[in-house]
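Visitor: Need a 3D model of the following:
(2 chains)
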Amino acid sequence: MGYKKRNSAGQVKRVSGLLAAVVLFGSMLAGCGGQRSAEGSGGASQQGDVTLVIGAYSVVKDSVQDIIPLFQQKWKEETGQTVLVQESYEASGTQARAIVGGFEADVTLLSLEGDIDKLTKAGLVDKNWKEKPEGGMITRSVVAIGTREGNPLNIGSFADLAKPDVKVLYPNPKTSGGAQWDINAVYGAGLKESERATGAKDSAYAKAFLESVHANIESLDKSGRASMAAFEYGVGDALVTYENELIARNNQGAKYEVVIPDDTILIENPAAVVDENVDKRGTREVAEAFLDFLWSAEAQQIFAEDGFRPVDPAVYAKFEANYPEPPGLFDIEYLGGWSEVRETLYAKRGIWYEVLAGI
Amino acid sequence: MEEYPVQTTWLRHKGWTYGFRTTVLLYFVILIVLPIAGVYAYSFSEGWTPFWESVSDPIAWKAVLLTLKLALIATAINVLIGTMIAWVLVRYRFPGRAVLNSLVDLPFALPTAVGGLMILLLLGPNSWVGSIAERLGFDIVFHQPAIVIAMVFVTFPFVIRAIQPLLEEMDPSAEEASYTLGASRATTFLRVILPQISPGIVGGAMLAFSRALAEFGAVVLVAGNIPAKTLTASVFIYGEVESDNNLGAAAVSVLLLTLSLIILWLINRVQRRGGRS
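Guide: The predicted structure is shown next:
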């Protein structure tokens, strides 16, 4: 307090030098890794900001990026806090593996239940994640067939894909988890056909059905996106993919025909809070709120506009004309549920392997 | 070797040599030996039976065979075209030669996926070349020709860069003697020039072949990836990793690695023999 006045100038200099070093060091640390800065500002920090990390599959990118500002606004109004969002988009399986491998996402949106199961198995997501509206599913879609403008080959069902001289594209479920939906749809359509003919589901018939379509395969791409890209380069006559992918492309100016077969599978895409991470980072409150917001009418509206079938009944009613329900629609339970499908279709020497190897 | 004058004794201290040698060895072990040994160890970690099961899977061995076949074709093309290009770049003087010469290395600098994308754009069904090929009744993109083109693109510089220095350092007197003795151009090339550049051709070709075996980025984009038709070993391995079958991936990697090791060892032998003669 005023004594040794002579020294104070020097002290200030020294202190400010030290401060500069600390600031420099701090900014270096911040610059070194987003992960570290996320940890620093995780939870309620002094300024009242909170960081939410979203790890999603690539297809929902556009929708999520439209939903985030709405959520930020709502959260600000309700709590006064600013939500900073870090986003990561990868193929669904890759994203799940990244989170298991230590990527600290608070909320995850994945393309299929199986990928959330990877997280529950690793103890990151609580087993009761399905105790949410619609069983934890935020969007629906169906597996559709994309054809060239005007549908020149008159393709109306998966059986038509087996006709001679039809060049078919779909991704390989071995490299893309999301592609399991596509193969499930074709296989399930075979089951449906056998059920209509004989009254019982015949897996041998369904396998033969899948083989007959697979005989026309032109390219077995590594992901749904790669399949779509190949189709855009002019390869193939028909593409088996999600309805929302095709609608998204058409929204961007493509002129593909979206054929929805009478017999096809209902796709359901889950989302969940990664319990382990939100507890560690103290972000549970905002993460839960974001997850719940995905079921709000506003968010569902955005999903519907981007080509997804909304799970919210009221929003779906508004868009029903765009998303007619095919008469022979079945869900994963028709094939016995995911665990059954994984064991029979996609096991190491399962049905899909046999179709691939031509056994 | 000439002895350099040494001012200070501490620079001659034995520690330097040991330190340097240790660093190089460590570097080599950590970056090259460990990962490769790891792949071998991992693929046999559960014994011989699972390894054999993975390798005898028809999808797996057909992918390896297909890769070998296409890599051989790509190497043959590179040997022919690469020798010609090296010849032109060394023997002819024309405007733009220096630019062309530096362009040769570009395939190394470009991410291979970009190369694949270019092949798709330039040879795809919507392109000029692709539509002509389609009218003639054969497909390029998503079929085997595209894979070969991708491999040729990626391994393009190897043969050229291996031959160039040999051509440049060649003693012109032998060639002149051949002509003055009445030998034709063809005979001179086959009997005088070719023997001198053949170590370069063989070495470059084997490097190119090894590299083509492992090519992934460009191939995965332009190949249809259909087992036994257009699925190469590298894409197969990627699929096994993606579907959590690391053992299967490691087993096929071991096949490729062993092949490459044999090839590299052969290069060494060929080049040593070439150097002696």
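Visitor: Please make it C-alpha for all contacts and neighbour counts, starting now.
Guide: Will do.
Visitor: what residues does the stretch 1-150 of chain B put near chain A?
Guide: With the criterion set to CA under 8 Å from any CA of the partner chain, the stretch 1-150 of chain B comes near chain A through B:58-59, B:120-121, B:124-126, B:142.
Visitor: Farthest-apart pair in these, please.
Guide: Maximum pairwise distance in these, criterion CA to CA, is 34.2 Å, between B:Pro58 and B:Asn126.
Visitor: List the pairing partners of whichever strand or helix holds A:Ile138 within its sheet, with orientation.
Guide: Using DSSP states H and E, A:Ile138 falls within strand A:137-147. Partners of strand A:137-147 in the sheet, by DSSP bridges, are strand A:238-242 (antiparallel), strand A:257-259 (antiparallel), strand A:266-273 (antiparallel), strand A:309-310 (antiparallel).
Visitor: TSV please, covering the ones you listed and showing mean neighbour count and mean pLDDT.
Guide: Output for the strands paired with strand A:137-147, formatted as TSV (neighbours: other CA atoms under 10 Å in any protein chain shown; pLDDT from 0 to 100):
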stretch	mean neighbour count	mean pLDDT
strand A:238-242	27	95
strand A:257-259	22	94
strand A:266-273	23	95
strand A:309-310	28	95
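Visitor: Pull out the CA atoms of stretch B:221-229 and give them to me as PDB.
Guide: What follows is stretch B:221-229, C-alpha atoms only, in PDB (Å, rounded to 0.1, in the frame of the first residue of the first chain):
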ATOM      1  CA  LEU B 221     -14.100 -43.800 -56.000                       C
ATOM      2  CA  VAL B 222     -13.900 -45.300 -59.500                       C
ATOM      3  CA  ALA B 223     -14.300 -49.000 -58.900                       C
ATOM      4  CA  GLY B 224     -17.700 -50.600 -58.400                       C
ATOM      5  CA  ASN B 225     -16.300 -52.600 -55.500                       C
ATOM      6  CA  ILE B 226     -18.200 -55.700 -56.400                       C
ATOM      7  CA  PRO B 227     -16.500 -58.900 -55.100                       C
ATOM      8  CA  ALA B 228     -14.600 -60.900 -57.700                       C
ATOM      9  CA  LYS B 229     -15.300 -58.200 -60.300                       C
END
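Visitor: how about it against chain A, any contact?
Guide: Yes. Stretch B:221-229 reaches chain A (CA under 8 Å from any CA) through B:221, B:223-228.
Visitor: Just give me the closest of those to chain A.
Guide: Distance to chain A across these (CA to the nearest CA) is lowest for B:Gly224, with 3.8 Å.
Visitor: Could you check which helix or strand contains that closest one?
Guide: Assessed by DSSP H and E, B:Gly224 sits outside every helix and strand.
Visitor: Could you dump the residues of stretch B:221-229 next to chain A into CSV with neighbour count and pLDDT added?
Guide: Converted to CSV, the residues of stretch B:221-229 next to chain A look like this (neighbours: other CA under 10 Å; pLDDT from 0 to 100):
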residue, neighbour count, pLDDT
B:Leu221, 28, 87
B:Ala223, 29, 88
B:Gly224, 27, 86
B:Asn225, 27, 88
B:Ile226, 23, 89
B:Pro227, 21, 89
B:Ala228, 19, 86
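Visitor: Could you dump those residues into JSON lines and include distance to A:Leu239?
Guide: Shown next, in JSON lines, are the residues of stretch B:221-229 next to chain A (distance: CA to CA, whole Å):
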{"residue": "B:Leu221", "distance to A:Leu239": "17"}
{"residue": "B:Ala223", "distance to A:Leu239": "16"}
{"residue": "B:Gly224", "distance to A:Leu239": "14"}
{"residue": "B:Asn225", "distance to A:Leu239": "16"}
{"residue": "B:Ile226", "distance to A:Leu239": "16"}
{"residue": "B:Pro227", "distance to A:Leu239": "19"}
{"residue": "B:Ala228", "distance to A:Leu239": "22"}
